[in-house]
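Chemist: turn this into a structure:
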Amino acid sequence: MSQARNGDTVKVHFTGRLENGEVFSKPKEDEPFEFTLGSGELIPGFEKGIVGMEVGETKTITAPPEEAFGPRHKELIVDVEKTDLPENITPAIGEQIQIRQKDGNPIKVTITDMNEDTVTLDANHPLAGNTLFFHVELVEIA
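Modeler: Numbers count the residues shown, from 1 in each chain. Presented below is the predicted three-dimensional model:
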């Protein structure tokens, strides 16, 4: 049997979990997830784990933060005055919003805390700092 290698388009079924077992990603079971290995579409740890697999093979891939969404960066967490938020936003903890940076580029942030006057915005990826575990079945190599 042939093994998956960079440049191959592959189809997989997978479930992504955190260390505590919480599922963070599980695409539709009836439709395999398709992507090209080595294209950079997905996190490096996931792609590297698929390389070398054969069709029908299942395994668990472990992706440490460095091969996933990186470590959490404290400098990406800021407190802002509620009055500085766009008028159409009613802040709520856990809500993801898009704001414009000083240079005008949009950035997605998560509201992680708030009080009467301020909100804490976190621009880290929600999965940053986590080791991720993927149970994967390789369905097809195209």
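
Chemist: please point out which parts of the lowest-mean-pLDDT helix or strand in the chain sit buried.
Modeler: In the chain, no helix or strand scores lower on mean pLDDT, DSSP states H and E than strand 96-100, which sits at a mean of 87. Along strand 96-100, these residues count as buried under the neighbour rule (16 or more other Cβ atoms under 10 Å): I97. No exception for glycine: its C-beta is placed from N, CA and C like everyone else's.

Chemist: low-confidence stretches in the protein?
Modeler: Within the chain, the segments meeting pLDDT under 70 span 1.

Chemist: please parse it into its domains.
Modeler: Per the record, the chain has its domains at 9-70+128-141, 74-122, by automatic domain parsing.

Chemist: got JSON lines for these, with distance to Q3 too?
Modeler: Shown next, in JSON lines, are the domains of the chain (distance: least, Cβ to Cβ, whole Å):
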{"stretch": "domain 9-70+128-141", "distance to Q3": "5"}
{"stretch": "domain 74-122", "distance to Q3": "37"}
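
Chemist: deepest of the ones you listed, which one?
Modeler: domain 9-70+128-141 (a mean of 15; mean count of other Cβ atoms under 10 Å).

Chemist: gap between that one and the chain center?
Modeler: Put simply, domain 9-70+128-141 sits 11 Å off its chain's centre (Cα atoms, centre = their mean, to the nearest Å).

Chemist: returning to what we had before: list of residues touching the least confident helix or strand of the chain?
Modeler: L85, P86, I89, P91, P106, I107, K108, V109, T110, I111, L121, P126 (Cβ atoms under 8 Å, 6 or more residues apart in numbering).
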